[in-house]
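**Q** One predicted model, sequence on top.
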Amino acid sequence: MDLSQAVLLVAAGLAAGLMNAIAGGGSLITFPALLGIGLPSVPANVSNSVAVCPGYFASVYGSRHELRGQVRRTVLLLPTAVAGSVAGCVLLLITPDSAFDKVVPFLVLGATAVLAFQDQLRRVVGHPARISPSRQQGLLHGMVAIGSVYGGYFGAALGVMFVAGLALVLDESLARVTAVKNLLSATVGLTTVVVFALFGPVNWATVAVLAPATIVGGYFGARLARRLRSGVLKLIIVIFGTGIGLYLLVHAFI
């Protein structure tokens, strides 16, 4: 790796950490950057998953105030997140990319649509304040399981998927929902690090350059998310999610 490639990875890591903390989808910056310096697709995907993980934890620290009063509820979801991400990692390591690549764009676009039309959907399924605790837990675990499998496999727009599902079920501000998303994403990220470190083709040199940059970007991204109004934050996430979904759709079918 030469100096220009290292600079490219640092810039990509900063931008990805910032984006992951606010909206998700930072992997669509770092993954192409890894491809651009010459890594094959599977090692690039695996190395990317490992490299962006520290940025998730920086986002958790940056949004720790918004997690107050939500820790117990979120901790109960962590075993589901771990199990789902392990399943996603196994899928990546044993199946061809082509089949899942064709499903991913629709998952991302669907999650973005759920967030965009959150108020209308709430009128159909019921406002979160009127959902029984047992039903809420079931819905949360189902959404986290789906998102975690996806996160273990690829992970781009994982934050969009988590926020979309959580915002539909939790009667919380979008900033507080984003804080829960950050902790769930960090759990998925840590699980993928363990699995891929043991069984995946990780390029540790690129990880060593990317990871510190994602930490810095993730911390400042979480602080920025706290200062944004819910409507502005939702608009940013919807724009990112739509762009990511369309990019993946074109990449998969054209």
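**A** Now that the structure is in, tell me what you want to look at.
**Q** From now on I want contacts and neighbour counts done on CA atoms only, so please keep to that.
**A** OK.
**Q** Under the pLDDT cut-off, which ranges of the stretch 101-250 of the chain? List them.
**A** Scanning the stretch 101-250 of the chain for pLDDT under 70 picks out 122, 124-127, 230.
**Q** 50 instead?
**A** Applying pLDDT under 50 to the stretch 101-250 of the chain flags no residue at all.
**Q** just the helices in it please.
**A** 104-116, 118-125, 133-153, 158-169, 174-199, 204-227, 230-253 (DSSP state H, counting those that start in this stretch).
**Q** hey, which of these is tucked in deepest?
**A** helix 158-169 (a mean of 27; mean count of other C-alpha atoms under 10 Å).
**Q** okay, which residue is most central for this structure?
**A** residue 158 (2.8 Å; C-alpha atoms, centre = their mean).
**Q** Tell me how far it lies from residue 198.
**A** Distance from residue 158 to residue 198, counting by C-alpha to C-alpha, to the nearest Å: 23 Å.
**Q** Just send the helices of the stretch 101-250 of the chain back as a markdown table, with distance to residue 89 too.
**A** Putting the helices of the stretch 101-250 of the chain into a markdown table (distance: least, C-alpha to C-alpha, whole Å) gives the following:
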| stretch | distance to residue 89 |
| --- | --- |
| helix 104-116 | 15 |
| helix 118-125 | 30 |
| helix 133-153 | 5 |
| helix 158-169 | 14 |
| helix 174-199 | 7 |
| helix 204-227 | 18 |
| helix 230-253 | 19 |
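**Q** contacting residues for residue 134?
**A** Going by C-alpha atoms under 8 Å, 6 or more residues apart in numbering, residue 134 touches no other residue.
**Q** check contacts around residue 153.
**A** Per C-alpha under 8 Å, 6+ apart, neighbours of residue 153: 85, 88-92.
**Q** could you redo the last one with a cut-off of 7 Å?
**A** Residues near residue 153 by C-alpha atoms under 7 Å, 6 or more residues apart in numbering: 88-89, 91-92.
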